[in-house]
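Trainee: Return a 3D structure for these sequence lines:
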Amino acid sequence: MGQTPPVLPRFHHVGIQTNDLDNCVSWYQDFLGCQQAWTLQQFSELTRSRLPGIDTLTELVLGDLRLHLFERRGRAPDPTESTIQFQHVCLSVDDPDELTRLRSRWIELYQSGRYVFTVHQPPTGVVTDDNGVQSFYAFDVNGLELEFTFMPTGTS
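Mentor: Here you go, the predicted model:
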């Protein structure tokens, strides 16, 4: 019989943690010509637990490129860990059911023992924000954080 076609996730944004948000926003605006789309100062419990100290996040856009720039105040730099980093990559799907399927697939692959993971942390649950955006987070085998999201019609 017919197989379910593979999920075709799309790139949504890159999250960039910085030590100086104003400086970073200005640089991307000047260097690439990005425009500021919005700024958030209230975050879900999931976001606050993953990124302690986050108080402001600004989205910059240029065409289809989206950058989520943020600073985590009160976080002392660890000499072994840079506080300036690409924090996660977000991939969007067209159907919210795909989030559950992708999360289940991640668990299946992790439990199979076929892959070596540098971070042994399960994916988060799927959460829904006030505007209907649904998402979950998981680490790849290298320890790079991925966000998978569903954006309802009318959200961006």
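
Trainee: Spell out, range by range, the strands that occur in this protein.
Mentor: With strands called from DSSP state E, the chain shows them at 10-18, 35-40, 54-62, 65-72, 85-93, 127-128, 134-139, 145-150.

Trainee: Just the CA trace of the first one, in CSV.
Mentor: Same thing as strand 10-18. In CSV, the C-alpha atoms belonging to strand 10-18 read as follows (Å, rounded to 0.1, in the frame of the first residue of the first chain):
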residue,chain,number,x,y,z
ARG,A,10,11.0,24.3,6.5
PHE,A,11,13.6,26.5,8.0
HIS,A,12,11.9,29.1,10.3
HIS,A,13,14.5,31.1,12.3
VAL,A,14,17.9,31.0,14.0
GLY,A,15,18.1,31.9,17.7
ILE,A,16,21.2,33.9,18.6
GLN,A,17,22.2,34.5,22.2
THR,A,18,24.3,37.6,22.7
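
Trainee: Give me the helices and strands touching that strand, please.
Mentor: Taking 3 or more Cβ pairs under 8 Å, 6 or more residues apart in numbering; DSSP states H and E as contact, the helices and strands that strand 10-18 lies on are strand 65-72, strand 85-93, strand 145-150. For the C-beta atoms, the positions are set from N, CA and C on the backbone; glycine is no exception.

Trainee: Repeat the analysis, applying 6 Å as the threshold.
Mentor: The contact analysis (3 or more Cβ pairs under 6 Å, 6 or more residues apart in numbering; DSSP states H and E) places strand 10-18 against strand 65-72, strand 85-93.

Trainee: what is the mean pLDDT for the last one?
Mentor: When you say that, I think you mean strand 85-93. Strand 85-93 carries an average pLDDT of 82.

Trainee: and it, how far out from the chain's middle?
Mentor: 4 Å (Cα atoms, centre = their mean, to the nearest Å).

Trainee: Give me the contacts around that strand.
Mentor: Among residues not part of strand 85-93, those counted as contacts by Cβ atoms under 6 Å, 6 or more residues apart in numbering are 9-10, 12-17, 145-151.

Trainee: If anything else comes up later, I'll come back, but that's it for now.
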